[in-house]
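A.B. asks: Need the 3D shape of this:
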Amino acid sequence: IQARLSESQVSLAEKSKLLNETIARSAMFEQENNRLKELVSDSQKRTEAEVKLSQVRVIDLENQVSEATRSREMCQLDVDARSSKLCEFETSLAEKSKQLEKAAF
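C.D. replies: Numbering: from 1, shown residues only. Below is the predicted model:
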């Protein structure tokens, strides 16, 4: 009976040791899992910040395009107005030239 009791105690001690090792490994895995969750969370936050920054840049670029379009339209209106004045001047110059020719004869 004493021998069986000793064997049981040894077996129980081995099982206890294995259980403690399993608990220790489980704690290490949990720590690693928590560390990985934190890394994922940080990465998600960085990605969200980058997306927001990109959205701001897109809005800024859209505003720049709108401003450039307005500026181009204003330049085109100015060119059209100057062109019209030039046509008027050329017409006036042609009329005066004809009048000078008539006066010369």
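A.B. asks: low-scoring pLDDT stretches of the protein, where are they?
C.D. replies: 105 (pLDDT under 70).
A.B. asks: residue ranges of the helices in it, please?
C.D. replies: For the chain, applying DSSP state H gives helices covering 2-104.
A.B. asks: Report the central residue of the protein.
C.D. replies: Among the residues of the chain, the one closest to the centroid is S54, at 2.2 Å (C-alpha atoms, centre = their mean).
A.B. asks: How about the contacts made by E7?
C.D. replies: Not one residue lies near E7 by C-beta atoms under 8 Å, 6 or more residues apart in numbering. All C-beta spots, glycine's among them, are computed from the backbone N, C-alpha and C.
A.B. asks: Please report how far it lies from S92.
C.D. replies: 125 Å (C-beta to C-beta, to the nearest Å).
A.B. asks: And E62, by the same measure?
C.D. replies: Using C-beta to C-beta, E62 is found at 45 Å from S92.
A.B. asks: burial count for K98?
C.D. replies: K98: 10 surrounding residues under other C-beta atoms under 10 Å.
A.B. asks: Now do stretch 96-105: distance to the chain's middle.
C.D. replies: Chain-centre distance of stretch 96-105: 70 Å, with C-alpha atoms, centre = their mean, to the nearest Å.
A.B. asks: now do stretch 54-62
C.D. replies: Using C-alpha atoms, centre = their mean, the offset of stretch 54-62 from its chain centre is 8 Å.
A.B. asks: again, but for stretch 64-84
C.D. replies: Worked out by C-alpha atoms, centre = their mean, stretch 64-84 lies 31 Å from the chain centre.
A.B. asks: One more: stretch 61-73?
C.D. replies: Using C-alpha atoms, centre = their mean, the distance from the centre of stretch 61-73 to the centre of the chain it belongs to is 21 Å.
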